[in-house]
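Asks: turn this into a model:
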Amino acid sequence: MKLAIITGGSRGLGAALVQQLADDGWHIAELSRSGKGEWHHDCDLADTAAVTALAAELLPALAKRSWDEVLFVNNAGYLQPISSVQRLTPEQIRNSITVNQVSPMILMAGFVTAFRRFSGRKTLVNLSSGAALKGYAGWSMYCASKAAAENFIHAMVDEEQHQAERFTAVNYDPGVMDTAMQTEIRQADEADFPAIQRFHDYHTDGVLRPAEAVATDLLTKYRRGFSNGIRYSVAD
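Replies: Below is the predicted model of the structure:
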C-alpha cells in the first residue's frame, strides 16, 4: 500500500491529486479545513496549536504502519491579502505567514521526523509558484511565503545528503490553473494588484489549465522519478 499526505486536498489541485491517487489505490490523508469523507483530517493552517497537535498524533501513527512508499504534498496556499505593503496590517501579515509558512513547515518537518527511519521511497513535494522567484505588486506576502517554502526545500535537500535513508524533496510550479484562487485574483482591485488585466486575459483566452491536468502532470513526473532538489514545472 502507498501513502499520500496532501494539504489543502478538499478543492482545486489538491482535490484532483486526492482523486487520482485514490483511484490508483493509494491510502490518502487529506488535511484541510473544508474537506469531507473517509480521507479527511481536520486541519486549520491558521491555528498552529491545532496543526502541531495533528502533526504529533497523525504522522507518527501513520509511520508505524507498513507502506511501500510515502508521498507528502504541501499544496495548501493562501493568496490574501492582495494589498500594497503600505496598507498591510499586522494581523494580515501574521495570518499569511502562519498559513503559508509556519503551519506547512510544522507539517513538513513532522513528516520528515516521523518517516526518517522508513527505508522505502519517500518524497516531499512543495507546490511553488512563479511568485517564489520574483515580486508582484500587491502580492508581497504571497511572494515572500512562496519564496520561504521553496528555500525550505532547498535547505532540506542539502541536509539529506548527509542521511543514510534519504528523502527526495522538490518544488513544483503548477503554472496558471483554473481554480478558486484565479477567481479570487480576478476579483481584486486594480489599485491593489496592477497586473490584474493579465489574469483576466488568461481566463478570456482559455489558457488556464484544469486542475486535473496539472495533477496528472505532477503524478506522471513523480512516477518517472523526481531528481532531488530540482524545481519542476507543469510546462517542463
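Asks: what's the longest helix in this structure?
Replies: With secondary structure taken from DSSP state H, the chain has its longest helix at helix 140-160.
Asks: following it, which helix or strand shows up next?
Replies: strand 168-173 (DSSP states H and E).
Asks: quick one: the residue nearest in space to the middle of the chain from residue 5, how far?
Replies: By Cα atoms, centre = their mean, the chain has its centre lying nearest to residue 75, at 2.1 Å. Computed as Cβ to Cβ, to the nearest Å, the residue 75 to residue 5 distance reads 10 Å. Every C-beta, even on glycine, is put in place using the N, C-alpha and C of the backbone.
Asks: repeat that for residue 167.
Replies: 13 Å.
Asks: neighbour count winner among the two?
Replies: Between residue 167 and residue 5, counting by other Cβ atoms under 10 Å, residue 5 is the more crowded of the two (26 against 22).
Asks: that one: what secondary structure?
Replies: Here residue 5 is recorded as strand under DSSP: H, G, I helix; E, B strand; the rest coil.
Asks: and it, what is it in contact with?
Replies: 28, 29, 31, 59, 62, 70, 71, 72, 73, 111 (Cβ atoms under 8 Å, 6 or more residues apart in numbering).
Asks: which strand residues bridge it?
Replies: Residue 5 has these beta-bridge partners by DSSP bridges: residue 29, residue 72.
Asks: which one is residue 58 nearest to, not counting chain neighbours?
Replies: residue 41 (6.2 Å; Cβ to Cβ, 6 or more residues apart in numbering).
Asks: got the buried residues for the helix or strand hosting the one you found?
Replies: According to DSSP H and E, residue 41 maps onto strand 40-42. Buried residues in strand 40-42, counted by 16 or more other Cβ atoms under 10 Å: residue 40.
Asks: contact partners of it?
Replies: Identification of contacts with strand 40-42 by Cβ under 8 Å, 6+ apart yields 9, 10, 29, 30, 31, 32, 33, 35, 50, 54, 58.
Asks: flag the least confident of those residues.
Replies: For these, the least confident position by pLDDT is residue 35, scoring 85.
Asks: got phi/psi on it?
Replies: phi -70, psi 170 (degrees, to the nearest 10).
Asks: so where's this protein uncertain?
Replies: 178-183, 187-189, 191-192, 194-195, 199-202, 206 (pLDDT under 70).
Asks: quick one on the thing from earlier: can you name every helix or strand that the longest helix of the chain contacts?
Replies: Helices and strands touching helix 140-160, as assessed by 3 or more Cβ pairs under 8 Å, 6 or more residues apart in numbering; DSSP states H and E, comprise helix 90-97, helix 103-114, strand 121-127, strand 168-173.
Asks: adjacent strands (with direction) for the shortest one?
Replies: Taking DSSP bridges as the criterion, strand 168-173 forms sheet pairs with strand 121-127 (parallel), strand 231-233 (parallel).
Asks: mind listing what's buried along the last one?
Replies: Under the neighbour-count criterion of 16+ other Cβ under 10 Å, strand 231-233 has 231, 232 buried.
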